[in-house]
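In: Just to be clear, the model below is a prediction. Sequence and coordinates:
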Number of protein chains: 2
Amino acid sequence: MKIHKINLLTLILLLGTIFMAFAEDGSRLWLRYDQIQNQQVLMAYKKQIAAVSFVANSPTQKVAYAELKKGIVGLFGQDAIFSSTSNNTLLIGDSSNKEIKQLIKAGYFKDLGEGFIIKVVIQNQMTKTIIAAANDVGLLYGTFHFLKLLQSQQDVSKLNIVEKPKIKNRILNHWDNLDGTVERGYAGTSIWDWHKLPGYTPTKYTDYARANASIGINGSVLNNVNSNSLSLTKEYLIKTAAIAHVFRPYGIKVYLSARFSAPIEIGGLKTADPLNPEVQQWWKDKVKEVYQYIPDFGGFLVKANSEGQPGPQNYGRNHADGANMLATALKPYNGIVMWRAFVYDDKVPDDRAKQAYNEFKSLDGQFMDNVLVQVKNGAIDFQPREPFHPLFGAMPKTPLMMEFQITQEYLGFSTHLVYLGALFKEVLEEDTYSKGKGSTVSKVITGEIDNHQLTGIAGVANIGSEANWTGHPFAQANWYSFGRLAWNPDLSAEEIASDWIKLTFTNDNVAVNEIKNMMISSREAVVDYMTPLGLHHIMARNHHYGPGPWVKDAGRPDWTSVYYHKADNIGVGFNRTSTGSNALAQYHPEIAKLYEKKETTPLKYLLWFHRVQWNEEIAPNKTLWNAMVEHYYEGVKSVEEMQNKWQKLDGEIDEDRFKEVSQLLAVQHQEAKWWRDACLLYFQSFSKLPLPAGYEKPAHSLEFYEQQRFYFVPGIKN
Amino acid sequence: MKIHKINLLTLILLLGTIFMAFAEDGSRLWLRYDQIQNQQVLMAYKKQIAAVSFVANSPTQKVAYAELKKGIVGLFGQDAIFSSTSNNTLLIGDSSNKEIKQLIKAGYFKDLGEGFIIKVVIQNQMTKTIIAAANDVGLLYGTFHFLKLLQSQQDVSKLNIVEKPKIKNRILNHWDNLDGTVERGYAGTSIWDWHKLPGYTPTKYTDYARANASIGINGSVLNNVNSNSLSLTKEYLIKTAAIAHVFRPYGIKVYLSARFSAPIEIGGLKTADPLNPEVQQWWKDKVKEVYQYIPDFGGFLVKANSEGQPGPQNYGRNHADGANMLATALKPYNGIVMWRAFVYDDKVPDDRAKQAYNEFKSLDGQFMDNVLVQVKNGAIDFQPREPFHPLFGAMPKTPLMMEFQITQEYLGFSTHLVYLGALFKEVLEEDTYSKGKGSTVSKVITGEIDNHQLTGIAGVANIGSEANWTGHPFAQANWYSFGRLAWNPDLSAEEIASDWIKLTFTNDNVAVNEIKNMMISSREAVVDYMTPLGLHHIMARNHHYGPGPWVKDAGRPDWTSVYYHKADNIGVGFNRTSTGSNALAQYHPEIAKLYEKKETTPLKYLLWFHRVQWNEEIAPNKTLWNAMVEHYYEGVKSVEEMQNKWQKLDGEIDEDRFKEVSQLLAVQHQEAKWWRDACLLYFQSFSKLPLPAGYEKPAHSLEFYEQQRFYFVPGIKN
């Protein structure tokens, strides 16, 4: 083995100032590696890292090495003389490395998995900064972590870090169609160019892998859950294999959404019945073929018997029958099945919120051990706020996988600044009480509560073809925070935001704090101007752009808004207590008992669980109507405050992104007012109560808002 | 007026090496401004430009100033002390500038129009490098020109340049739909995000304007010629106005494709008859509204009575009636109508190639003076090679506008390296003989031949959402060469290629020559492997991806391939001589006479004008069949040569683009073989003649090629 050293003298440093030549378009995400301007910090780093020792043989080691080179050259920004290891050295390697063996005890590597150790050791007056891991991908993660510390200008002189992921499968779900459109995508089209695959794999694919690996994401479902069987044909598998080839060194596995009826559509069979031996054999053969092209294929994600997708119920079988058939085929190759619990059949239930629990709870224990049941964070559908899904904690024998939506289908698309780290955390911290107090959702999905080894978390990606990947510069933070929380759900939304800001915008403390405050408050803002006090599912039909509390004649009642808010002249809200749909009974008695009464229900979930009269006091001297008005106006005011905060950053942020965010905040402000005015006018038509004094009047009539029509709204097939 | 000086001390130079941090994705196009590595050149430039004097007040002056700053800081790459104008100075201004008045005689500014002067004057041992113009946009063009000289490391010490455009309206046509798809687009989706407009105008729009202004393009038709009336509603006009606002300082006007039936669809009228007073008034009102939002709106592009688009013929009127109605409405605002001659009615003509001439020739002299008739370069449809369109030279009283297709609908989409500069030049240099020898197509469209003041040229854009704008890194050269030829059709394809390579890849002479040779040979290569010897329109149906000489049952005969090649057991080719369709009669007698006989017809047009027997000798000792085989194989061989040339550049080109182009050349090679084998097998089924000895056998049977099916091919509605 040859010792590779970074000799910066051999790196030609183009001193060009590319940053000015074209736009600061955000394409570099959080891996910018601009030169450190703080000379004190820079000098300290250069002194501590005067040489690098890194054996880089395997493909993963090579990409880690390349990343380190990019990072150090970018951050240090000039040619330094890296003479030899007789200097202060950055030492990178696994437990087989002789020097590392001497410096880090073997025990540390036990159970380290994909984790890493970063440790500074002073020996013979020489500083050794060690990045060590038990395997290649751990080394890669450690390298990215160390670069993050440098980028965010942390003190690295006394590091002693041991990190490993708390969730095993950390996966992005792309709702990308083969024609290039992205369902609920607001950042352009799919980055997968199926037409040009497998021959052409642009560097964008590598950058995608780098960005994901840098935050610990280790899986990617490439195609939409509303899937097309073509994905499973030889032609498309070869295309998928080309993507897998790019991802492999970065520790990222590819997965595919599998269409349950594929045996019929591309297999020529008459049925897709999971208990039919021919069907079972077809899937075994298909899976064998998949692994011929992609030896480390991750497995299948399945949306079955939901919103028109085929599934086992078409044949009188249940979800476990369907999942297990696929799991059997995948098992020999260590592939997994992620079976979605977001089900939705032709019958309209008395309460949509109850359906998944009703269908899945009884199947607990019936799934094979390579099946995860993938459950959305809430029981409806990625609303600005939902109580946690009652399945969490209710299926102890089944590993449940969290499904978050990173793309902002219901949260302002890509024109609203909404930091989802706060939303994700709120859900993760909710207590299911399944094994007593402290049985948080987070502990359910990390497997701690029920002792599962197979664990997972999925995020529906907000990535598209736009230069900045996510449409809104701040939407990058939602991708970032998903990855960070997937690695460690115990991180706070605040610390993740801080990291992201430093990597993305600035290390200036005052600015970091201003931006962090914007981000943290943004989540409550969107709840306030869209769906305060537990309101939900009151957006416009189909495209979901803008308010639509008046929606009543959709294809089925549970696609309407009136089904969910049930407003009339007396009050508003969905009674899910024991006197209503009793969805509450799906939760642990601790919660059911608490939420059964209005007084002990958190205000944020009030109308989710209760019908409340317009004039009812929900807080001292505050009626529901007045509280609702207050929230809607508060939401708009919060956006104005974000605008003010952002304006203060003029000069601190590059011109391009400063202007883009300013424009988008103005759009958000307009749309927040639109939501507020439309919803309040609508609810006022029932409450017959006036706006309390001092509030700005709505700009238009209710009829005006109801008559708004939009063409070519993104995210759906127009 | 304040004199602004670039003081480089005040520009913070981040010495970061961003070039390594993320991919070299081609997004900077030909405006890279990387630091000049040749120290001799750099020192000479720094000496000559030790100070800058530039009065920048108007918006256009300000963007010119900003561009100069970007350019100089990027190219010079460090802080230089620019003390005062007592040094060697770069002096930029118009004829009102006192210093410039003394150095450049007033006469030079007469008739300069949008042009500029760049001149070096030595005075009192001081060097003044002057960029002067008669107006703002001239200054901007001059600034870009000067930056181009620096980027391509020209000697600028003795400049004495006067440049002005030879064509007045230099326009990109975007076939972009309002839903974000691009008809015949192969570089992702539309860069216009109608949903986020008008509130959000990302920096990409500014970069688009910069790139276009840098090559002299001064107009942009934002929407598809197959247009949607919604574009003309108030809502969309406001969106268009936001784009126009970004473009305005860059001298770029926006235009819209107008749907002829808009008065019915959005105006509520019963008819769109151009002679109906209500219809006329509707357009007058609509145009008035347009100019309220966009005071410098350029005008309308119209595709009428073609491929299902509505038009005046629906009401028994002719194209002049339709164009003049719109021209009347636009006239008060100096707007123009660009009326397309690509017409196509329900009746299938005896020869599609004759239709435009038949419909338009007789209308010469009937169009208002603010109407241009926009004519495709050839009479069929943007084939790899076509003879020039017979309308050029045939309508002396009407200004004809050239329509080139930059997007490679029939030339390999965005995976084939085909330099269209060579195609454009071939057309521009053809002689129409309309006013005697030397009456080139170029002189028809510059207005020289028939003394037109209103002149224009359009290119159907190949721009999309992909990071590198055009899909193939080399497709940028097609956008670039269109712009350069629009400014000056007398430039050679070679010199434009040289410039582009230097700005885009490298200034290394050996590399520039290698790449230039690739580019120049690429055009003949694609003709050879797709449609040699005058073959045309033999691609696959509808999506046009790959060969389809067997296509015979399309919606109508002139949508098939067999209509155009007419192959049978005796021979192949379309007889357009006097014994056939006599399309030749539409050309000047000089040409008609020459092409009437096979022997005097250039081989490249042989099968366009003649039916030839398989065994007929078309060159000494060479039968048609053998020549055809030779061309097809030569085409593939040329691609192999491009691959070899490119491989030699390893290390000279950055890794990212080197790899991307390598991959794309491999795809092109595969597809060239596919074209060759499929076409030769097909024609062989008629000729019954063997492949001459020594040629590689086709990989598959004819049936295999005929049965190929592709899903989700880009560029069409799937």
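Out: In hand now; what should we look at?
In: Look up how far residue A:88 lies from the residue located most distally from the centre of chain A.
Out: Relative to the centre of chain A, the most outlying C-alpha is that of residue A:124, 45.8 Å out, by C-alpha atoms, centre = their mean. Going from residue A:124 to residue A:88 by C-beta to C-beta, to the nearest Å gives 11 Å. (Glycine included, C-beta is placed from N, CA and C.)
In: Now do the same for the nearest residue to residue A:415 once chain neighbours are set aside: its pLDDT.
Out: Leaving aside its sequence neighbours, residue A:415 sits nearest to residue A:667 (C-beta to C-beta, 6 or more residues apart in numbering or on different chains; 4.6 Å). Note on residue A:667: pLDDT of 98.
In: that's a strand at residue A:667, yeah?
Out: No - applying DSSP: H, G, I helix; E, B strand; the rest coil, one finds residue A:667 to be helix, outside a strand.
In: List the residues that contact it.
Out: Each residue near residue A:667 by C-beta atoms under 8 Å, 6 or more residues apart in numbering or on different chains is listed here: A:415, B:196, B:199-200.
In: Likewise for residue A:75?
Out: Counted by C-beta under 8 Å, 6+ apart, residue A:75 has contacts A:33-36, A:42, A:45, A:147, A:150-151.
In: Swap in 6 Å and give it another go.
Out: Residues counted as contacts of residue A:75 (C-beta atoms under 6 Å, 6 or more residues apart in numbering or on different chains) are A:33, A:36, A:150.
In: could you pick out which of the residues you listed are near chain B?
Out: Among the contacts of residue A:75, the residues within reach of chain B (C-beta under 6 Å from any C-beta of the partner chain) are residue A:33.
In: mind giving me TSV with the contacts of residue A:75 and columns for secondary structure?
Out: TSV is the format used below for those (three-state DSSP):
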residue	secondary structure
A:33	coil
A:36	coil
A:150	helix
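In: what about stretch A:710-718, how long is it end to end?
Out: The straight-line separation of the ends of stretch A:710-718 (C-alpha to C-alpha, to the nearest Å) is 11 Å.
In: what's the answer for stretch A:449-468, then?
Out: Distance across stretch A:449-468, first residue to last, is 39 Å (C-alpha to C-alpha).
In: So for that stretch, mean pLDDT?
Out: 97.
In: Please identify the buried residues of it?
Out: Using 16 or more other C-beta atoms under 10 Å in any protein chain shown as the test for burial, stretch A:449-468 gives A:449-450, A:452, A:455-468.
In: Over to stretch A:393-403?
Out: Residues of stretch A:393-403 classed as buried: A:393-396, A:398-403 (neighbour count, 16+ other C-beta under 10 Å).
In: Among these, which are located in strands?
Out: Mapping the buried residues of stretch A:393-403 onto strands (DSSP state E) picks out A:400-403.
In: now, which of the contacts of residue A:667 sits nearest residue B:103?
Out: Using C-beta to C-beta, residue B:200 comes nearest to residue B:103 of those, at 44.5 Å.
In: Model confidence for the closest one, exactly?
Out: Here, the pLDDT recorded for residue B:200 equals 98.
In: do the same with the one 5 residues further on
Out: As summarised for this prediction, residue B:205 has a pLDDT of 97.
In: Which residues are in contact with the closest residue to chain B within the stretch 201-350 of chain A?
Out: For the stretch 201-350 of chain A, the nearest residue to chain B under the criterion C-beta to the nearest C-beta is residue A:203, separated by 3.7 Å. Residue A:203 sits next to B:23, B:656 when contact means C-beta under 6 Å, 6+ apart.
In: Kind regards, and thank you for your time.
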